[in-house]
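Q: Generate a structure from the sequence data that follows.
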Amino acid sequence: MKKQILGFLIVLGLIILLINTDFNNLIEKIKLIPLKVFAFTLGLQIITMLSIGFQWKKIVDIICPGRKFYSILKINLKGNIFDAITPGAKVGGELAKVYEMKNGLDISLNNSIVALSLQKSVSIFSFISLGIISILYINNIRGMVFTSKNYYYMILSILLSGLLLILSLVFYPIKIKKLVDRCEFKKKEKLNNFLNLYIENIEKIKKNKKNLLLNIVLGLFIWVLYAVKLIILVRVFNREINVLILVGITYISYLIGGIPLLPGSIGSFESGLGSLLYISGLTLEESMVISIAFRFVTFWFEFIISGIIIILDRILYKKVKGGEYA
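A: Presented below is the predicted three-dimensional model:
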């Protein structure tokens, strides 16, 4: 019921935004974004996609070495497509990655889930760390973004809880397993098997400090790139908004987009980002233009590129191998 109410409020907010928008002015604002700036942000998105693929490669090498970079990248591209057609951000895509790793890379189901868990741990840790830093900074600026302390403490509590959970999974997985052992439920044996594999591989990562540091740096780099794209687009219209405020807006928007209401979080992300930009000092039309442009770069462009590469790969496979595409 709460989800339905939230979905209704988001849709209502979008309708109100559309009613109050001067579309002639909106079109004029879109024309103000230089082609070279837009092309540069698209280039940054390609770097982001390749960096995520490389991060996956380093993690898969810990569990099942010898898999090719392109094969792993292709799994991520398929995940991007599923992200676009399933509710919320990074839900259906992650399930698709597990399935593809199991069937495309010949990795067991448990090992595939472990690989996903390790990558998500690094990615979420990086996201939350940057989010906490930027939100703490935003809170010190009077009148910026957080009009109510309740929203501030709620978001900060969610982020701190998430960070605590990630750190527990990384540094105290054995204690978590002991807690599971004390409980009785139907699929306890399956969960224990997964936890044994997870503990085994997380220990490998912790022993290989270079690999661990590389994955953390990659995670931070990937998330910083998302904020950089937003900063570049905002700077076309406004050069006064503080960079750290825009960083915080980026991560808060992704938190809003993570609520599984619509396919690919379409609508919830745009309305959240647009509202935060508007509160920060941009006009309504500028906020909408930036949110639409940013969404195209980070979502639709990624979806289109992923689809093109997968289709070309399918055609090339059939042409070269003369067989059925797997």
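
Q: Does the closest residue in space to D61 that isn't next to it in sequence fall in a helix, a strand, or a coil region?
A: Nearest residue to D61 in three dimensions, chain neighbours excluded: R67, at 7.3 Å (CB to CB, 6 or more residues apart in numbering). Yep, even glycine has a C-beta here, placed from its N, CA and C like the rest. Counting by DSSP: H, G, I helix; E, B strand; the rest coil, the backbone at R67 sits in coil.

Q: Adjust the sequence numbering to begin at 7 for everything that follows.
A: Happy to do that; since the first residue is 7 now, the last one works out to R73.

Q: Check whether R73 really touches L111, as I assumed.
A: Yes. Counting by CB atoms under 8 Å, R73 touches L111, with 5.2 Å between them.

Q: burial measure for the residue nearest to D67, as a count.
A: R73: 19 surrounding residues under other CB atoms under 10 Å.

Q: And it, how close does it get to I113?
A: In this view, R73 and I113 are 8 Å apart by CB to CB, to the nearest Å.

Q: now swap in L283 and tell me
A: Relative to I113, L283 is positioned 41 Å away (CB to CB).

Q: For the two, work out which one has more neighbours and name it.
A: Between L283 and I113, counted using other CB under 10 Å, the more crowded position is L283 (30 against 20).

Q: hang on, that one in a helix?
A: Yes. Per three-state DSSP, L283 lies within a helix segment.

Q: Below-threshold pLDDT in the protein: ranges please.
A: Across the chain, the ranges flagged by pLDDT under 70 are 7-35, 90-98, 145-155, 157, 263-274, 325-332.

Q: so who does the residue nearest to D67 touch?
A: Contacts for R73 (CB atoms under 8 Å, 6 or more residues apart in numbering) come out as K63, V66, D67, L111, I113.

Q: now that we have the residues you listed, which one has the most neighbours?
A: The most crowded member of the contacts of R73, judged by other CB under 10 Å, is V66 (24 neighbours).

Q: What's the first helix or strand after whatever helix or strand that one lives in?
A: Using DSSP states H and E, V66 maps to helix 41-69. Per DSSP H and E, the first helix or strand lying C-terminal to helix 41-69 is helix 75-91.

Q: overlap in contacts of R73 and I113?
A: With CB under 8 Å, 6+ apart, R73 and I113 have common neighbours V66.

Q: With distance to L201 added, can I get the contacts of R73 in CSV?
A: Formatted as CSV, the contacts of R73 follow (distance: CB to CB, whole Å):
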residue, distance to L201
K63, 24
V66, 19
D67, 22
L111, 22
I113, 18
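
Q: Closest to L41 out of those residues?
A: Distance to L41 across those (CB to CB) is lowest for K63, with 33.0 Å.

Q: my guess is the closest one meets Y76, correct?
A: No. Taking contacts as CB under 8 Å, K63 lies outside contact range of Y76: 9.6 Å.

Q: Does S118 lie in a helix or a strand, and which?
A: Going by DSSP H and E, S118 is in helix 115-145.

Q: Could you check the angle that helix makes with helix 75-91?
A: Counting by axes from the mean of the first three to the mean of the last three CA atoms, to 10 degrees, helix 115-145 lies at 60 degrees to helix 75-91.

Q: could you give the angle of helix 115-145 to helix 41-69?
A: Angle between the axes of helix 115-145 and helix 41-69 is 140 degrees (criterion: the same axes, to 10 degrees).

Q: which helices and strands sit right next to the next helix or strand after helix 115-145?
A: Counting by DSSP H and E, the next helix or strand C-terminal to helix 115-145 is helix 155-177. Other helices and strands packing on helix 155-177, by 3 or more CB pairs under 8 Å, 6 or more residues apart in numbering; DSSP states H and E, are helix 115-145, helix 179-188, helix 194-213, helix 249-263.

Q: Can you convert those helices into JSON lines and add a column each for mean neighbour count and distance to T304?
A: Shown next, in JSON lines, are the helices and strands packed on helix 155-177 (neighbours: other CB atoms under 10 Å; distance: least, CB to CB, whole Å):
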{"stretch": "helix 115-145", "mean neighbour count": "20", "distance to T304": "14"}
{"stretch": "helix 179-188", "mean neighbour count": "12", "distance to T304": "32"}
{"stretch": "helix 194-213", "mean neighbour count": "15", "distance to T304": "28"}
{"stretch": "helix 249-263", "mean neighbour count": "22", "distance to T304": "10"}
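
Q: Pull the contacting residues for K64.
A: N217, L220, N221, L224.

Q: who's in contact with L48?
A: Contacts of L48 by CB under 8 Å, 6+ apart are V303, F307.

Q: And for S259?
A: For S259, the contacting residues are F275, G278, L279, L282, by CB under 8 Å, 6+ apart.

Q: Alright, that wraps it up for me.
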